[in-house]
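Colleague: What follows is a predicted protein model with its sequence.
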Amino acid sequence: MLNPQKEAMDIARRLINDAAVSASESGSLPSAELPDFNIEVPGDSSHGDLASNFAMVSARAFHMSPRAIAQAVADNADLEGTPFEKIEIAGPGFINLFYGPQYYSEVISSAVDGGSDYGRTDHGSGKKVQVEFVSANPTGPMHLGNARGGAIGDVLASVLDRAGYEVEREFYINDTGNQIKKFGDSLAARYRQITDPAYPFPEDGYKGDDITEHARAFAELNGTDLYPGDDEKLKNALVDYALPRNISGLRETMDRYGVTYDVWFRESSLYEDGTVDKVMAILEKNGALYEKEGAVWLNTSRYLRDLYRSQGKTDEEIDKLELKDDVLRRSNGFYTYFASDIAYHYNKFFMRGFDRVINVWGADHHGHVNRLKASLDAVGLDGSKLDIVLMQLVELVRNGEAVRMSKRTGKAITLTDLLEEVPIDAVRFFFNLREPSSHFEFDLDLAVKQEKDNPVYYVQYAHARMCSVLRALVSDGYPVDGREGLDASLLTTEEEKALIRKIGSFPSEIISSAREYDPSRITRFATDTATLFHRFYTVCRVKDSGDRNLTLSRTALCVAAKQVIANCLTILGVSVPEIM
RNA sequence: GUCCAUGUAGCUCAGCUGGAUAGAGUACGUGCCUCCGGAGCACGGGGUCGCAGGUUCGAAUCCUGUCAUGGACGCCA
């Protein structure tokens, strides 16, 4: 539960506040209500380790120049017992604070003592959060979008877990509806074509080889002339045969990808246990439904209007959006996907009690986001508890050119194809290199390269190097638990201090990553930490530093840095090598 | 047509709840191992932050407009 940077920021806030108060009491500042001010980490460390804009934002209230205010605050600040050893004013009136050895010592001990739990906080206060991701169509193999979704969703879930939420990972299996019908039609056509090559294949059917293979395997078990003249029976039998195989295929692939779900949720169960009917009844009771042209419609536009109003849009702006309603039950009597989706979220919120639900979707579904939230309002749930992470498409690049098809199969590249070519560590790391909303290029050449410019190896190498340093210390008889002989006042180079500050910001970084729903912050943090370690390593000798206490202190720093890199890689689901 | 996302170094991208001189990687050029792992480090050139206005002490960041690219607007999922 340790968060050195956050604690220091809280102390800085109190420090400045108290200094302003005592400046008022001594007359160097007029008495006035103190405004809200920021404590931030400056980009440039010559501007201090923490900085505040207090003087600038209070200039109006005090009727004084920012620099004069800053000076008064600095003069009245009592650094005794704080993590800071120096306070300065600079620029237009920034108040800059500099960490002292007590802070550096605190950070190293936190990381060493925290171990694999360092970075964990209670920020989320145990709220129940569900992350639903991938949820690939079970009628075929997973594509690259599913691959990115898998890496992003899994790491996001880990980040939320470390940020103090109670997290569940879920895969939603769309095992009913139109695409299953298409699946059955396609399977039946391929099956009939075994004996009757002229049998027509549905125009919008699934053309993949996997369909043909299922049909062939089914024929081997059941003969080639099952249910003659009764295609409906045949389709059901084929779906019953092929769907479970596809679903276990999805599980195997996700397993291989290092993703373990807590729940595999079947869409069809919402029909079986009556949730869909129940939700329809609630909507009916709420007056949200109407019939038109033989279909049952949800008055989505009404709830969307309320939603947009609550977001501050004017009626005029809303009219321009030309809001539309949605069909929930078609005139043929079947429910639409939207109906079961509302039921599904009713299940998540009402029946399972999640405080927050996060769905990771491809950006092409963005049009569905507000409609779904509005529909939750219509069933009496709170749509604002649902967050959608939209991720852009990925483009594979080889030799600087876009790759769309697999050389081997001639079809779109699947997750399985990708995992055959690229190590899992690299796939998971690369898919979390950019924030979800950015459209990015996956460089196949770079990902398989076991060399310096590959960012995965760069980070892993830093870890292996730290392990190597510690091994060398062990053979020289030094203790390497990181607890003995730490004296942070000996760690005086900028390289040492920069690395320690980075380590101290790790828990805050996880919280930011969780708040922004941006797991790519972890890969960037890991890369930055690796860089700072390499710099430290280049400048500072650990083993033969010339002074036993210095060696022990640097050893502790290595242990702390190693722990942070290891924790990052663990969150990312990437292996943590001690030797490469 | 309406809505959403994205435009930052040659290339791939950070920074965006307003802060100090706009960063990293890569590519290109030059250095650094008798010494804990050179899969590393250092130095150098490279920019009208798409464009134009506005808001203010201060704008890559907020607002308005505009251009470009991708996407969404189904009794599909």
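Modeller: Looks like it came in fine.
Colleague: Let me know the secondary structure of the residue nearest the centre of chain A.
Modeller: By Cα atoms, centre = their mean, the mean C-alpha position of chain A lies nearest to A:Leu156, the distance being 2.6 Å. Classification of A:Leu156 by DSSP: H, G, I helix; E, B strand; the rest coil places it in helix.
Colleague: Setting aside sequence neighbours, what's the nearest residue to it?
Modeller: With Cβ to Cβ, 6 or more residues apart in numbering as the criterion, A:Leu156 has its nearest non-adjacent residue at 4.9 Å, and that residue is A:Pro519. For glycine as for every other residue, the C-beta is placed from the backbone atoms N, C-alpha and C.
Colleague: Same question for A:Met142.
Modeller: Once flanking residues are discounted, A:Met142 sits nearest to A:Leu415: 4.2 Å by Cβ to Cβ, 6+ apart.
Colleague: residues in contact with that neighbour?
Modeller: A:141-144, A:146-147, A:150, A:253, A:257 (Cβ atoms under 8 Å, 6 or more residues apart in numbering).
Colleague: do that again at 10 Å, thanks
Modeller: Listed by Cβ atoms under 10 Å, 6 or more residues apart in numbering, the contact set of A:Leu415 reads A:134, A:136, A:141-150, A:250, A:253-254, A:256-257, A:427.
Colleague: Keep only those of those residues that are in helices.
Modeller: A:144-150, A:250, A:253-254, A:256, A:427 (DSSP state H).
Colleague: Buried only: go through those residues for me.
Modeller: Buried members of those, counted by 16 or more other Cβ atoms under 10 Å: A:144-150, A:250, A:253-254, A:427.
Colleague: Tabulate those in a markdown table, adding columns for distance to RNA strand B.
Modeller: As requested, those are exported to a markdown table (distance: Cβ to the nearest atom of the strand, whole Å):
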| residue | distance to RNA strand B |
| --- | --- |
| A:Leu144 | 14 |
| A:Gly145 | 11 |
| A:Asn146 | 13 |
| A:Ala147 | 16 |
| A:Arg148 | 12 |
| A:Gly149 | 14 |
| A:Gly150 | 17 |
| A:Leu250 | 14 |
| A:Thr253 | 19 |
| A:Met254 | 18 |
| A:Val427 | 16 |
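Colleague: now, the most widely separated pair of these?
Modeller: A:Leu250 and A:Val427 (16.6 Å; Cβ to Cβ).
Colleague: So for stretch A:30-43, mean pLDDT?
Modeller: Averaged over stretch A:30-43, pLDDT sits at 84.
Colleague: can you check stretch A:93-105 too?
Modeller: Averaging pLDDT along stretch A:93-105 gives 94.
Colleague: Could you work out the end-to-end span of it for me?
Modeller: Stretch A:93-105 has an end-to-end distance of 30 Å (Cα to Cα, to the nearest Å).
Colleague: What are the buried residues along that stretch?
Modeller: Those would be A:93-101, A:103-105, for stretch A:93-105 by 16+ other Cβ under 10 Å.
Colleague: Show only the entries of these found in strands.
Modeller: If you go by DSSP state E, the buried residues of stretch A:93-105 have A:94-99 in strands.
Colleague: re the thing from before, also near RNA strand B: which of the buried residues of stretch A:93-105, exactly?
Modeller: Restricting the buried residues of stretch A:93-105 to those near RNA strand B by Cβ under 7 Å from any atom of the strand leaves A:94, A:96.
Colleague: Dump the ones in helices among the contacts of A:Leu415 to CSV, plus pLDDT.
Modeller: Compiled in CSV, the ones in helices among the contacts of A:Leu415 are given as follows (pLDDT from 0 to 100):
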residue, pLDDT
A:Leu144, 89
A:Gly145, 89
A:Asn146, 93
A:Ala147, 93
A:Arg148, 93
A:Gly149, 94
A:Gly150, 95
A:Leu250, 96
A:Thr253, 96
A:Met254, 96
A:Arg256, 95
A:Val427, 93
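Colleague: Mind picking the two most distant members of those?
Modeller: Farthest pair in those, by Cβ to Cβ: A:Gly145 and A:Arg256, 17.9 Å.
Colleague: What are the boundaries of the strands in the stretch 51-200 of chain A?
Modeller: Using DSSP state E, counting those that start in this stretch, the strands of the stretch 51-200 of chain A run over A:84-90, A:94-99, A:128-132, A:166-173.
Colleague: Now do the contacts for A:Gln5.
Modeller: A:41, A:49-50, A:83, A:99, A:103, A:107, A:110, A:501-509.
Colleague: Quick check: of the ones in strands among the buried residues of stretch A:93-105, which lies closest to RNA strand B?
Modeller: Nearest to RNA strand B, judged by Cβ to the nearest atom of the strand, of those is A:Phe94 at 3.3 Å.
Colleague: Where does pLDDT dip in the stretch 301-450 of chain A?
Modeller: Low-confidence segments of the stretch 301-450 of chain A (pLDDT under 70): A:407-408, A:450.
Colleague: phi, psi of A:Met142?
Modeller: The phi/psi pair for A:Met142 (degrees, to the nearest 10) reads phi -80, psi 140.
Colleague: if I read this right, it contacts A:Thr253, doesn't it?
Modeller: Yes: at 6.2 Å, A:Met142 and A:Thr253 qualify as touching, with contact defined as Cβ atoms under 10 Å.
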